[in-house]
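Participant: Quick one, fold the following:
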Amino acid sequence: MIYTALTSLEAWRRETAYTFKDIPVNPWPEHIALRRYSRQNVTTQRPSWQGATIGEFSDALVPLHPDDSVPAQVTAIDIAAETPAGIYSFTTASGEPVELTVLDQALPAQRLFPFYSEVGSEDCRRAYLEIKGLAAYCADEANHNDQRCWQPQGPQALKAITLARQFGIEPVKQSLVLFDNPQADIQDIIDRMNGPYGYKNMVLTGAIAPPIIWCGSINQLDRCYDPHPFFLQQINDLAPPGSIAWCADEPCVSGRGNGMDARKAIDRVHYVQTYAPRLIPMITTGKVNIPELQASAADLPILYTIVQNDDDPDLFSNQKGSYFSCMAQGNCKETDPIHPRTPFPVAVIEGDPTYDFEGAIRLAYANHARFALYYKITKRLSTCWQSGGLYNEGGNGDGTALYVDKATGDPIPSIRLLHWHRAQQAVEKEIVVRLG
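Facilitator: Prediction:
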């Protein structure tokens, strides 16, 4: 993948090449498609770490239509699998000649190095209502039955999921898990699984990597609800090979961690394995906790997803994932005075495109992880355009890597998605070459 202002681009089939050039949509060969974006500023009010700049950052990417007079500042060139290898010549909007070389190699249809992140349906709904001027109206309990308040939730979440996959991210869906309830109606579970905005359509259909299945409430101390057995049985039958069951997040081990008790975490793994044996159980934790967890679960094939600054390339090589966020790596903390940053990559808008955004994906691969997992991309979606509205848990944009279109309320991407995608594709090229 190329992300450049140069007049020569090079890419594989099934790759997206990115350029700062303003390239007109037409004419183009049949199997090459363009997405054009302008960049829009968002404003911070406090730094994510000591010494970080405060002010405006051009993080948002606003899609342009072919007839828009606004010049594109970023152009994404999607190269289909059917594209013949060769050199394609075209001219930018300013009349500058540019060449695209499509090599005789292709990325696979399914991700070789998956990148996961949660997409929140409720976040998407609230952001849409905010743009449409309905947020205060729908917050009033007297209006809760108004369909205008709830109808956007499914459609807007599905748009966010589609957008995430366009940039290489396979979404994790917490809100669609069907919890164990003795009063649950099996037919209701079936309907919710198969509805237009149910689990099957939102998570399994169109997946670009084996999905991560959120298996119950994974980090609450007092509300550790398990997923419904029938839900797990359905997932076990429908999910593709390699699908992952997220069983616990930072379980409390010998007083370390803020989630469910370690024994409960292992019980959850046993429970999930009983009803969904095809799923790979996963626990997110720091490596210091793994020996004790393993001692309690020696018979279980658990995949440990490790906070990145605890990673060790030789630790459980190829049997782990790598989790990152700004806070998890010790960079974003709500302290006074504001703390300094660590050497680990950050996910906030003040970060460096190469060292931080692309570096997070590359570091996960270098540490022999099977995939990268990021916290969330919709956390502060409803306040994304407000000054300081992206601030979350000590960082600007940690947990929010999407924006909403100010006219439509639909989700739109950020420059961080672009760089994560660029690094992901570069890693996958290395994997293709390594595997021969």
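Participant: I'd like the distance from stretch 277-288 to the chain centre, please.
Facilitator: Distance of stretch 277-288 from its chain centroid, counting by C-alpha atoms, centre = their mean, to the nearest Å, is 19 Å.
Participant: That one: end-to-end distance?
Facilitator: In terms of C-alpha to C-alpha, to the nearest Å, the two terminal residues of stretch 277-288 are separated by 27 Å.
Participant: In it, which residues are buried?
Facilitator: The neighbour-count check on stretch 277-288 (16 or more other C-beta atoms under 10 Å) flags 279, 280, 281, 282, 283, 284, 285, 286 as buried. To be clear about C-beta, it is placed using only N, CA and C from the backbone, and glycine gets the same treatment.
Participant: my guess is residue 331 contacts residue 343, does it?
Facilitator: No: between residue 331 and residue 343 there is no contact under C-beta atoms under 8 Å: 9.4 Å.
Participant: who has more neighbours, the two?
Facilitator: Set residue 331 next to residue 343 and count neighbours by other C-beta atoms under 10 Å: residue 331 wins out with 28 against 9.
Participant: and the closest residue to residue 153 other than its chain neighbours, what helix or strand is that in?
Facilitator: Leaving aside its sequence neighbours, residue 153 sits nearest to residue 125 (C-beta to C-beta, 6 or more residues apart in numbering; 4.0 Å). Element membership for residue 125, per DSSP states H and E: helix 121-131.
Participant: which stretches of this protein aren't confidently modelled?
Facilitator: Residue ranges of the chain with pLDDT under 70: 1-6, 180-183, 217-224, 255-259, 308-311, 316-318.
Participant: which one's the longest strand in it?
Facilitator: Longest strand in the chain, counting residues (DSSP state E): strand 32-43.
Participant: re the thing from before, following the helix holding residue 125, which helix or strand shows up next?
Facilitator: Using DSSP H and E, the first helix or strand after helix 121-131 is helix 135-139.
Participant: residues in contact with the helix or strand just after that following helix?
Facilitator: Downstream of helix 135-139, the next assigned helix or strand under DSSP H and E is helix 147-150. With C-beta atoms under 8 Å, 6 or more residues apart in numbering as the test, helix 147-150 has contacts from 125, 129, 134, 137, 138, 143.
Participant: If any of the residues you listed are buried, give me the PyMOL selection for them.
Facilitator: Selecting only the buried members of those in PyMOL, with burial defined as 16+ other C-beta under 10 Å, works like this:
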select buried, resi 125+129+134+138
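Participant: Switch the contacts of helix 147-150 over to a markdown table; also include distance to residue 81.
Facilitator: As requested, those are arranged in a markdown table below (distance: C-beta to C-beta, whole Å):
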| residue | distance to residue 81 |
| --- | --- |
| 125 | 35 |
| 129 | 39 |
| 134 | 42 |
| 137 | 47 |
| 138 | 43 |
| 143 | 48 |
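Participant: Make JSON lines out of the buried residues of stretch 277-288 and add distance to residue 113 and secondary structure.
Facilitator: Output for the buried residues of stretch 277-288, formatted as JSON lines (distance: C-beta to C-beta, whole Å; DSSP: H, G, I helix; E, B strand; the rest coil):
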{"residue": "279", "distance to residue 113": "20", "secondary structure": "coil"}
{"residue": "280", "distance to residue 113": "16", "secondary structure": "strand"}
{"residue": "281", "distance to residue 113": "21", "secondary structure": "strand"}
{"residue": "282", "distance to residue 113": "16", "secondary structure": "strand"}
{"residue": "283", "distance to residue 113": "21", "secondary structure": "strand"}
{"residue": "284", "distance to residue 113": "18", "secondary structure": "strand"}
{"residue": "285", "distance to residue 113": "21", "secondary structure": "strand"}
{"residue": "286", "distance to residue 113": "22", "secondary structure": "coil"}
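Participant: which residue packs closest to residue 176, ignoring adjacent ones?
Facilitator: residue 199 (4.6 Å).
Participant: What about the one you found, how many residues nearby?
Facilitator: Residue 199 has 25 neighbours, counted by other C-beta under 10 Å.
Participant: Surely it is in contact with residue 189?
Facilitator: No: contact criterion C-beta under 8 Å: residue 199 and residue 189 do not qualify, at 9.6 Å.
Participant: Would you mind grabbing the residues shared as contacts by these two?
Facilitator: Counting by C-beta under 8 Å, 6+ apart, the residues touching both residue 199 and residue 189 are 178, 231.
Participant: before we move on, what SS does residue 312 have?
Facilitator: Put simply, residue 312 is coil when judged by DSSP: H, G, I helix; E, B strand; the rest coil.
Participant: mind listing the helices in the stretch 251-400 of the chain by residue range?
Facilitator: Counting by DSSP state H, counting those that start in this stretch, the stretch 251-400 of the chain has helices at residues 262-275, 290-296, 359-366.
Participant: how does the protein divide up, domain by domain?
Facilitator: 3-106, 115-435 (automatic domain parsing).
Participant: Ranking those by mean neighbour count, which comes first?
Facilitator: Most buried of these, by mean neighbour count (mean count of other C-beta atoms under 10 Å): domain 115-435, with a mean of 19.
Participant: and that domain, how far apart are its ends?
Facilitator: Per C-alpha to C-alpha, domain 115-435 runs 20 Å from first to last residue.
Participant: how far out from the middle of the chain is it?
Facilitator: With C-alpha atoms, centre = their mean, you get 7 Å for domain 115-435.
Participant: Give me the most central residue, this protein.
Facilitator: residue 117 (3.0 Å; C-alpha atoms, centre = their mean).
Participant: Quick check: closest non-adjacent residue to that one.
Facilitator: residue 374 (4.2 Å).
Participant: for the one you found, what are its contacts?
Facilitator: So residue 374 contacts 115, 116, 117, 169, 323, 324, 325, 347, 360, 401, 420 (C-beta under 8 Å, 6+ apart).
Participant: Kindly report the same for residue 347.
Facilitator: Residue 347 touches 324-326, 356-357, 360, 374-375, 395, 397-398, 401, 416, counting by C-beta under 8 Å, 6+ apart.
Participant: before we move on, back to that, of the helices of the stretch 251-400 of the chain, which is nearest residue 389?
Facilitator: Residue 389 sits nearest to helix 359-366 of all the helices of the stretch 251-400 of the chain, at 23.1 Å, using C-beta to C-beta.
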